[in-house]
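>>> A predicted structure for the sequence below; I have some questions about it.
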Amino acid sequence: MAKKYNNKKFGVKIRPAAVRSYNPRPCFGASQIDLPQQFELKMRDFCEIKDQGYINSCVAFASSLVGECENYKRTGNKEEFSTGNTYGNEVCRKGYMGKGMYVDDTVLGLCKIGFVPNHLFNVNLEMPKAYEVRKGREDLDEIGQYLKPTTAISLKVYGTKEENIRSIKEALYTYQSPIVMCSTDFFKEPHCVVIYGWDNNDNFKYQNSWGVSQLDPGYGYLSIDDIYEAYVLVFDEIELPFDDVKKEDWYYQEIKNIYCCGMLEGITENKFGPKDSMKRCDAVLMLTRILEKFEKSINTYLKTKGEQSISYQENIVEAFKDVPEDSYYFTALNYASSLGLIKGDENNNFNPDNNITRAQFATIITRLYDFLLNVIDTAATWIDLPDDFGYLKLNKKYSDVPADSWFKTSVDKITNLEIMNGVDSSHFNPNVDITRAEAIVVLERLCKKIDDILKKC
């Protein structure tokens, strides 16, 4: 049941979580720490309860407490950090110039602009005035680099209820920092606060930004079911476990992103094999992980709108003769086959251990994109996406892609999506195996395209 408060403002814009959101487990590592029955950060050591007043800046107010906590851990000093530098900053808004903010855009934006002491920019204005006042203050950009997160990890959407509770607790206890979270209905409207502890019953303690009054002490408790999304801001660099992927490699960031999103594994615990050819089974396995994240994201969002959830995992049947039931890719391949994303040969074999060619990879990628585009168009009835959403009309021609080839349409599509290009201006090399590094770069671009679709909801 929603809490009833005074007429203070809220300020969260709601949409589906990004597929490229970093997941807790690959970022945290294996869950090994013992957690206490109850825990609470000493918030008064580094911050006070703030009051956003009648400005829709709750996201900026909540996230500022993370900066104040980190500053206290580094210096031992209690200092207030600017909310106006976040609320009026175009980097944290990513094109949205209305009232309120998207939480994911804000926390990712803070990984670029950092936190600025309040005495340097003590502003709490509504949009668009907040943007106009902040514009032109390039001096603040340099100051913010001193206290800047490296990563924002999503803690809520993609796990089971028990996994999400564990992830939030583990993040609080490990990083000793408040969690930025929003609820869609606990506060009557979408609202952002910070979580800073939990009790014996797995209720999370939050701090609000509506000041203190007789009716509202500025803090309270809510359950995991009241949380729509939650993020921990991390100030240390997350390191990849792979010895053969270096920061200077052209594919490093894409592999890091897809790994931290929980979509890939190495060929061993410490090796990724970036120059090895991608196997057909492994390519499909990663595609189904994208599908699973997409389904959880859109269903969590549809629930807030009172819409029926989607499911495309109900009619999975065994599809291929050469895919053993005990293989690690059995479920993924049959799942993808049931959706029409992959096909076997004339003997009903998939040849899972064979390498996948560039043409074959382009084909399953474009099938997946078109499938998800159709899912959104069907489930999100309040929006109208064109059938060619995301496609450009580049009209590129490759001399090794004949007009009558089975892969011509897929190569044209993936080129127009701008997520996979030829090896040069006139050659696509359709029959050459794609490497694991090349495949991950394409997948990362695909996920960005999918997130562009989700942002239309």
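Done, it's in.
>>> Can you show me the helices along the chain?
Counting by DSSP state H, the chain has these helices, from start to end: 24-28, 58-75, 84-87, 90-93, 103-113, 129-134, 138-144, 161-175, 252-260, 280-304, 330-338, 358-379, 408-416, 436-454.
>>> Would you reformat those as a markdown table and include mean pLDDT, distance to Leu385 and mean neighbour count?
(Glycine included, C-beta is placed from N, CA and C.) As requested, the helices of the chain are arranged in a markdown table below (pLDDT from 0 to 100; distance: least, CB to CB, whole Å; neighbours: other CB atoms under 10 Å):
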| stretch | mean pLDDT | distance to Leu385 | mean neighbour count |
| --- | --- | --- | --- |
| helix 24-28 | 89 | 31 | 20 |
| helix 58-75 | 97 | 27 | 24 |
| helix 84-87 | 98 | 30 | 29 |
| helix 90-93 | 96 | 23 | 18 |
| helix 103-113 | 97 | 21 | 22 |
| helix 129-134 | 97 | 29 | 16 |
| helix 138-144 | 94 | 36 | 15 |
| helix 161-175 | 94 | 30 | 19 |
| helix 252-260 | 97 | 25 | 20 |
| helix 280-304 | 93 | 13 | 20 |
| helix 330-338 | 93 | 23 | 21 |
| helix 358-379 | 92 | 5 | 20 |
| helix 408-416 | 94 | 16 | 20 |
| helix 436-454 | 94 | 7 | 21 |
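>>> Need these in CSV (columns: distance to Phe320).
Shown next, in CSV, are the helices of the chain (distance: least, CB to CB, whole Å):
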stretch, distance to Phe320
helix 24-28, 29
helix 58-75, 47
helix 84-87, 51
helix 90-93, 47
helix 103-113, 38
helix 129-134, 55
helix 138-144, 53
helix 161-175, 31
helix 252-260, 26
helix 280-304, 10
helix 330-338, 6
helix 358-379, 15
helix 408-416, 21
helix 436-454, 21
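>>> Val133 versus the residue nearest to Phe39 when sequence neighbours are not counted, what's the distance?
Closest residue to Phe39 apart from its sequence neighbours, by CB to CB, 6 or more residues apart in numbering: Gly197 at 5.3 Å. Gly197 sits 35 Å away from Val133, going by CB to CB, to the nearest Å.
>>> And for Ala17?
Distance from Ala17 to Val133, by CB to CB: 31 Å.
>>> Asp404 too?
61 Å.
>>> so Phe361 makes contact with Asp433?
No - with contacts counted by CB atoms under 8 Å, Phe361 stays clear of Asp433, the gap being 9.2 Å.
>>> Spit out the residues that contact those two alike.
Common neighbours of Phe361 and Asp433, using CB atoms under 8 Å, 6 or more residues apart in numbering, are Met278.
>>> show me what contacts the residue nearest to Phe39?
38-41, 172, 204-205.
>>> do that again at 10 Å, thanks
Gly197 sits next to 38-43, 169, 172-173, 178-179, 203-207, 219, 221 when contact means CB atoms under 10 Å, 6 or more residues apart in numbering.
>>> buried subset of the residues you listed?
41, 43, 169, 172-173, 178-179, 203-207, 219 (16 or more other CB atoms under 10 Å).
>>> Could you dump the residues you listed into CSV with distance to Asn299 added?
Formatted as CSV, these follow (distance: CB to CB, whole Å):
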residue, distance to Asn299
Leu41, 32
Met43, 34
Lys169, 24
Leu172, 26
Tyr173, 29
Pro178, 28
Ile179, 23
Asn203, 24
Phe204, 22
Lys205, 28
Tyr206, 25
Gln207, 29
Tyr219, 31
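>>> Can you give me the pLDDT of Asn7?
For Asn7, the model assigns a pLDDT of 62.
>>> Retrieve the pLDDT associated with Ala30.
Taking Ala30 on its own, its pLDDT is 65.
>>> So that it lines up with my notes, have the first residue be 455 from now on.
Shifting the count to begin at 455 puts that one at Ala484.
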